[in-house]
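J.: have a look; sequence and predicted model below, questions after that.
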Amino acid sequence: MARGVFAESGADLQLVGIKKRFPGFTAIENLDLTIPAGSFFALLGPSGCGKTTTLRLVAGLEEPTEGSILIGGKDVTNTKPFQRPVNTVFQSYALFPHMTILENVAFGLRRRRISDPVAKAHEALRLVELDHLAARRPASLSGGQQQRVALARAVVNRPALLLLDEPLGALDLKLRRQMQLELKSIQTEVGLTFVHVTHDQEEAMTMADTVAVMNKGSIEQMGAPEVLYELPATVFVANFLGQSNLFVGPVLDGGGDTIGVEVAGQRISVPKARAQRTTGSVTVGVRPEKLTLHETAEAVPAGRNQLGPGRVIDVSFSGVSTQYIVAIPGLGSVVVFAQNMASGPVVALGTEVWVAWDAQHTFVLADEPP
Ligand code: ATP
């Protein structure tokens with residue numbers, strides 16, 4: 001689709017040495033971040049970790065205690081909010097109820113005396129596929145449609161940066177998933193830089209090209225979603241992005257390209273490149289879908305890591321996959337996700353099993369599970 005009035009691209013955002021102290025509380029410890037122009041960036045973390053504060057700093061609604069904010073290379077740290085090339089979409093749509101959808105979208109353009117407000121508002125509504133409802137009032141639209149109007153209103157004046165603060169939080173799960181894909185395709189189309197705040201890891205991974213995982217006012221890890229998932233750098237990231245099996249044990253050996261870690265009396269092999277630490281006590285991690293179940297130790301293909309014997313203590317079928325919980329003496333519970341193949345066997349509750357996985361799917365962390 002032609003970009004039309006959305007021809008301008010986004011700008012990059014840099015946060016340099018940002019600290020934010022409120023009376024009696026430090027919300028942002030130290031934030032250094034560069035978000036390239038045109039990217040879909042997600043700030044992911046639990047409630048209270050400082051996500052909204054970060055967005056408010058970028059929007060100019062809070063002043064940093066220390067540090068600078070640059071948009072498109074220009075220092076805006078002391079620039080007033082309305083003079084920054086930034087718009088924000090919140091969870092609450094805040095549409096004017098007495099105005100039509102078209103007027104809601106054109107309002108900001110009219111106020112700033114920007115030319116062709118009606119044509120630009122129609123184009124923004126076409127982008128979110130709501131132009132046919134331009135003459136309606138907000139109350140007659142569904143929640144998802146109102147959120148799309150809020151989005152059209154936020155992009156109509158082509159901000160270099162669009163901040164999204166849990167914008168889909170009020171929608172039900174099915175609509176939320178649909179809007180995630182729509183938002184992603186709108187971002188690709190308009191080419192603006194999107195900074196999206198969420199505590200939903202699936203949402204962040206589905207939409208963003210780069211995710212920063214935030215914890216207690218600092219970024220623990222930042223990168224492409226698949227990198228964060230496959231190679232988390234800390235226990236917090238491993239647990240926050242999906243499920244992990246984490247086992248603590250001492251490093252036994254580490255001369256070559258791999259290290260060996262002792263877990264439940266067995267040697268677990270890990271490529272050195274996937275280890276945050278190669279000596280002392282470490283945490284070995286493996287994702288549940290990387291594990292396979294075997295009824296004897298001999299049935300485990302040579303060269304794979306294995307733990308066992310254990311016993312299947314829970315089986316829960318969920319359509320495409322089955323989740324098994326395997327209790328291994330001296331180790332605890334191991335979670336295994338198995339895809340349900342057309343002819344694959346289902347392992348029965350109570351069966352004695354070994355769990356196994358490839359060394360290349362293992363990661364080693366320096367910190368320990370809480
Ligand atoms: P949520 O997902 O719940 O919105 P969040 O990650 O966006 O959380 P923030 O709203 O940024 O978190 O808040 C970070 C911390 O800073 C919280 O502990 C919050 O209580 C504190 N905080 C935020 N604003 C203020 C303020 N004006 N005065 C004092 N403390 C504040």
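T.: Thanks, I have it.

J.: roughly how far apart are the residue of the stretch 151-300 of the chain found nearest the ligand and residue 40?
T.: Taking C-beta to the nearest ligand atom as the measure, the point where the stretch 151-300 of the chain comes nearest the ligand is residue 199, at 5.1 Å. Every residue, glycine included, has its C-beta placed from N, CA and C. Applying C-beta to C-beta, to the nearest Å, the value for residue 199 to residue 40 is 17 Å.

J.: looking at those two, which is more packed in?
T.: In this comparison of residue 199 against residue 40, neighbours counted by other C-beta atoms under 10 Å, the higher total goes to residue 40 at 23 against 18.

J.: that one touches residue 187, doesn't it?
T.: Yes. The pair residue 40 and residue 187 passes the contact test of C-beta atoms under 8 Å, sitting 5.0 Å apart.

J.: overlap in contacts, the two.
T.: 194, 207 (C-beta atoms under 8 Å, 6 or more residues apart in numbering).

J.: what packs against the worst-scoring helix or strand of the chain on mean pLDDT?
T.: Each helix and strand of the chain was given a mean pLDDT (mean pLDDT, DSSP states H and E); the minimum falls on helix 173-190 at a mean of 88. In this structure, helix 173-190 packs against strand 40-44, helix 117-127, helix 143-155, strand 193-198, helix 201-207, with contacts taken as 3 or more C-beta pairs under 8 Å, 6 or more residues apart in numbering; DSSP states H and E.

J.: residues in contact with the closest residue to residue 290 other than its chain neighbours?
T.: Leaving aside its sequence neighbours, residue 290 sits nearest to residue 361 (C-beta to C-beta, 6 or more residues apart in numbering; 4.1 Å). When the contact criterion is C-beta under 8 Å, 6+ apart, the partners of residue 361 are 230, 286, 287, 290.

J.: what's the residue closest to the geometric middle of the chain?
T.: The centre of the chain sits closest to residue 204, judged by C-alpha atoms, centre = their mean, with a distance of 2.6 Å.

J.: gap between that one and residue 25?
T.: Shown here: residue 204 relative to residue 25, a distance of 25 Å by C-beta to C-beta.

J.: same question for residue 60.
T.: Distance check for residue 60 against residue 25: by C-beta to C-beta, it reads 21 Å.

J.: equivalent analysis for residue 310, please.
T.: For residue 310 relative to residue 25 (C-beta to C-beta), the value is 45 Å.

J.: of those two, who's got more company?
T.: A direct count of neighbours by other C-beta under 10 Å for residue 310 and residue 25 places residue 310 higher, at 25 against 8.

J.: for the more buried one, what are phi and psi?
T.: For residue 310, the backbone dihedrals are phi -130, psi -180 (criterion: degrees, to the nearest 10).

J.: which stretches of the stretch 201-350 of the chain form helices?
T.: Ranges of helices within the stretch 201-350 of the chain are 201-207, 225-230, 235-240, based on DSSP state H, counting those that start in this stretch.

J.: residues in this structure within reach of the ligand, list them.
T.: Residues of the chain lying close to the ligand (C-beta under 6 Å from any ligand atom) are 22, 25, 27, 45, 47, 48, 49, 50, 51, 52, 53, 199.

J.: among those, the buried ones, what's the PyMOL command?
T.: Those of these that meet the burial criterion (16 or more other C-beta atoms under 10 Å) are gathered into one PyMOL selection, given here:
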select buried, resi 27+45+49+50+51+52+53+199
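
J.: got a list of what residue 324 touches?
T.: Counting by C-beta under 8 Å, 6+ apart, residue 324 touches 293, 312, 314, 315, 335, 336, 337, 338, 347.

J.: gap between the closest residue to it other than its chain neighbours and residue 346?
T.: Once flanking residues are discounted, residue 324 sits nearest to residue 336: 4.3 Å by C-beta to C-beta, 6+ apart. With distances defined as C-beta to C-beta, the gap from residue 336 to residue 346 amounts to 12 Å.

J.: could you do residue 300 as well?
T.: As defined by C-beta to C-beta, residue 300 lies at a distance of 19 Å from residue 346.

J.: neighbour-wise, which of those two wins?
T.: Neighbour comparison, residue 300 and residue 346: the larger count goes to residue 300, with 20 against 12 (by other C-beta under 10 Å).

J.: test my guess that the more buried one contacts residue 293.
T.: No. Because the distance of 9.8 Å does not satisfy C-beta under 8 Å, residue 300 is recorded as not touching residue 293.

J.: in contact with residue 108, which residues?
T.: Contacts of residue 108 were listed using C-beta under 8 Å, 6+ apart, and they are 153, 156, 157.

J.: in the chain, what spans have low per-residue confidence?
T.: 1-8, 342-345 (pLDDT under 70).

J.: the nearest residue to residue 216 once chain neighbours are set aside: helix or strand, and which one exactly?
T.: Of all residues not flanking residue 216 in the chain, residue 49 sits nearest, at 6.1 Å (C-beta to C-beta, 6+ apart). For residue 49, there is no helix or strand it lies in under DSSP states H and E.

J.: wait, isn't residue 49 in contact with residue 219?
T.: No. Residue 49 lies out of contact with residue 219 (C-beta under 8 Å); the separation is 9.7 Å.

J.: ok, now which ones touch residue 162?
T.: Contacts of residue 162 by C-beta under 8 Å, 6+ apart are 10, 86, 87, 88, 89, 154, 155, 187, 192, 193, 194, 195.
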